Every structure is written in C-alpha cells, then in structure tokens.
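Enquirer: only geometry, no sequence info:
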C-alpha cells in the first residue's frame with residue numbers, strides 16, 4: 001500500500017461515500033480497510049466506498065470493458081460487497097466528470113449489477129438508468145417491536161422489502177436490521193424501506209441498508225419504493241403504456257423516479273463532491289492491526 005492514498009468525499013442526497021481513485025486496481029481493499037475508512041469517528045466516514053477502477057483492470061468487470069471504461073467497485077461501510085448503489089452511481093459519475101474523464105452528457109458505468117447508463121445534466125443533476133425491477137412471489141412481513149406490516153418484495157439487482165406505514169417513526173431507530181419473515185426469505189440480507197404517503201405520486205421513506213444501517217438515502221431503495229407504490233396504486237406502465245413518475249423524499253433530500261413502459265427505471269437527483277485529500281498510509285496500516 002502506498003504511503004499516501006488519494007481520496008475524495010462525495011454524497012448523493014446525503015448518502016455519503018469515500019471515493020478511492022485506483023485506475024489500475026492497485027489498492028488492496030480489504031473489508032477491514034473499508035470499515036476503517038468509513039468509521040465516522042476514527043476514519044473519514046461514509047456509508048460506503050466507491051472504488052474507481054478501469055473495467056479492464058478488474059477481474060469482475062473485464063467482460064464489461066467494451067461497454068463501460070470505468071467500474072464502480074462498491075463496498076458497504078462494514079466492508080461487505082454490494083451489487084449496486086444507485087446514489088453511488090450518481091456520485092461516481094460526478095467524480096468522473098470532476099476528474100476530467102467524462103463531460104456533461106451520457107456515459108456508461110460498469111457495476112456488479114451490470115452496465116448502468118447515466119446522464120450528467122447542465123443543472124448538476126445526474127440521471128441513472130437503473131435497469132428493471134423484479135417482483136418475486138411470496139408474502140413477506142417486516143416487524144419492528146410489537147408492530148408488523150406486509151411488505152412488497154422488489155429486486156433492483158439487490159433485494160428490498162417495502163412496507164407502507166402510518167408514520168415513519170414506527171420504523172424505530174433502524175440501527176439493527178428489522179426482522180423479516182419468513183426466515184430465510186433473504187439469505188444474503190435485505191434492504192428494508194418504510195414508506196408514507198405525502199401526496200399524489202409523492203411518498204417519503206426511511207431505509208435500513210444491509211451492511212450500513214440507516215442511511216440518509218438509498219437510490220435502489222427509492223426505485224423499489226416507486227415500483228411498489230405504483231403497483232399499490234394500480235399503475236403498471238407495461239400494461240398502460242404510460243410512464244409512472246414518483247417523487248420520493250428521503251431524509252437527505254429528494255429523488256425523482258420514473259418507470260417506463262419497457263420496464264426500465266430512471267432515477268434523477270443531485271450528486272456532490274465535497275472534498276479531496278490524501279489518506280495517511282501509516283494510519284491505515286495501524287487501523288488494520
């Protein structure tokens with residue numbers, strides 16, 4: 001590991017990330033290193049790490065190198081690997097623009113959830129094509145304390161359980177994963193969203209992200225919420241031929257989600273680079289002892 005490692009800090013609707021530019025995939029990014037970097041008291045602090053690698057240099061992304069030059073090697077704050085992070089893709093796109101790798105307009109980003117298409121607008125917002133959703137069969141129930149709710153099972157490349165509640169406070173502190181039944185429904189864990197209505201096609205949510213706890217925003221979660229709400233409302237663009245757009249308020253801001261008749265989902269929201277600097281290699285080595 002080099003003596004000093006370049007990093008940036010960014011966020012999308014306050015879902016915040018440590019960004020590690022590493023085009024040649026030279027940094028050995030262990031789970032312990034990720035957890036140390038994301039520690040909000042003893043490290044830099046973040047909901048996760050965006051490891052920026054050229055697709056051709058990463059064994060998990062080489063097959064996508066012909067479509068997307070850059071691979072978002074995303075890690076949760078506990079060091080675990082995630083398939084996708086919607087807010088992370090927007091911040092990743094903003095970093096590529098900040099570093100001069102891309103300009104305003106369209107770009108492709110490789111992720112473990114496949115190649116994602118993004119558009120950087122002149123007003124600063126970033127739109128990401130999030131792919132389609134899957135709605136697995138089976139009843140799921142979410143519980144917090146003495147309360148429980150039926151939840152909609154939505155897969156956005158990662159699993160979500162969406163529960164509609166009367167009050168977001170009913171979600172509790174979300175420090176630990178809310179119990180989901182039946183046991184074994186999500187063998188690799190699940191993101192749990194609690195949702196309330198704010199108005200026509202306008203909802204608000206809180207989320208427990210697996211591997212991170214409660215976060216200020218979750219992009220794939222907002223997409224899952226929009227899809228679950230549309231189906232609850234009787235809206236299915238594949239049937240009606242009309243796009244369904246929902247505004248989703250998260251604790252850190254606002255996202256706009258559109259599901260198109262072809263099943264593709266687009267997410268639009270802000271992405272901000274906050275700071276950049278260097279990590280002291282000796283500190284990181286000591287943190288791993």
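Expert: Yep, it's here. None of these values were measured; they are calculated from a predicted model. Numbers count the residues shown, from 1 in each chain.

Enquirer: Can I take it that residue 71 is in a strand?
Expert: Yes - residue state for residue 71 (DSSP: H, G, I helix; E, B strand; the rest coil) corresponds to a strand.

Enquirer: quick one, helices of the stretch 151-289 of the chain?
Expert: For the stretch 151-289 of the chain, the helices defined by DSSP state H, counting those that start in this stretch cover 219-232, 237-240, 281-287.

Enquirer: what is the rounded mean pLDDT of the last one?
Expert: Yep, that's helix 281-287 we're talking about. Mean pLDDT, computed over helix 281-287, is 85.

Enquirer: what packs against that helix?
Expert: strand 4-12, helix 31-38 (3 or more CB pairs under 8 Å, 6 or more residues apart in numbering; DSSP states H and E). All C-beta atoms are positioned from the backbone trio N, CA, C, and that covers glycine.

Enquirer: and the residue nearest to the spatial centre of the chain, what pLDDT?
Expert: The structure's the chain has its C-alpha centroid closest to residue 85; by CA atoms, centre = their mean the separation is 2.5 Å. On pLDDT, residue 85 comes in at 88.

Enquirer: For the residue nearest to it when sequence neighbours are not counted, name its beta-bridge partners.
Expert: Nearest residue to residue 85, sequence neighbours excluded (CB to CB, 6 or more residues apart in numbering): residue 74, at 4.9 Å. Residues in a beta bridge with residue 74, per DSSP bridges, are residue 50.

Enquirer: who's in contact with residue 74?
Expert: Neighbouring residues of residue 74 by CB atoms under 8 Å, 6 or more residues apart in numbering: 48-51, 81-82, 84-85, 88, 111-112.

Enquirer: could you redo the last one with a cut-off of 7 Å?
Expert: By CB atoms under 7 Å, 6 or more residues apart in numbering, residue 74 lies in contact with 48, 50, 82, 85, 88, 111.

Enquirer: I would like a PyMOL command selecting only the buried ones among these, please.
Expert: Buried members of the contacts of residue 74, defined by 16 or more other CB atoms under 10 Å, are picked up in PyMOL with:
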select buried, resi 48+50+82+85+88+111
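
Enquirer: Closest one of the contacts of residue 74 to residue 121?
Expert: When the contacts of residue 74 are compared for distance to residue 121 (CB to CB), residue 88 wins out at 18.2 Å.
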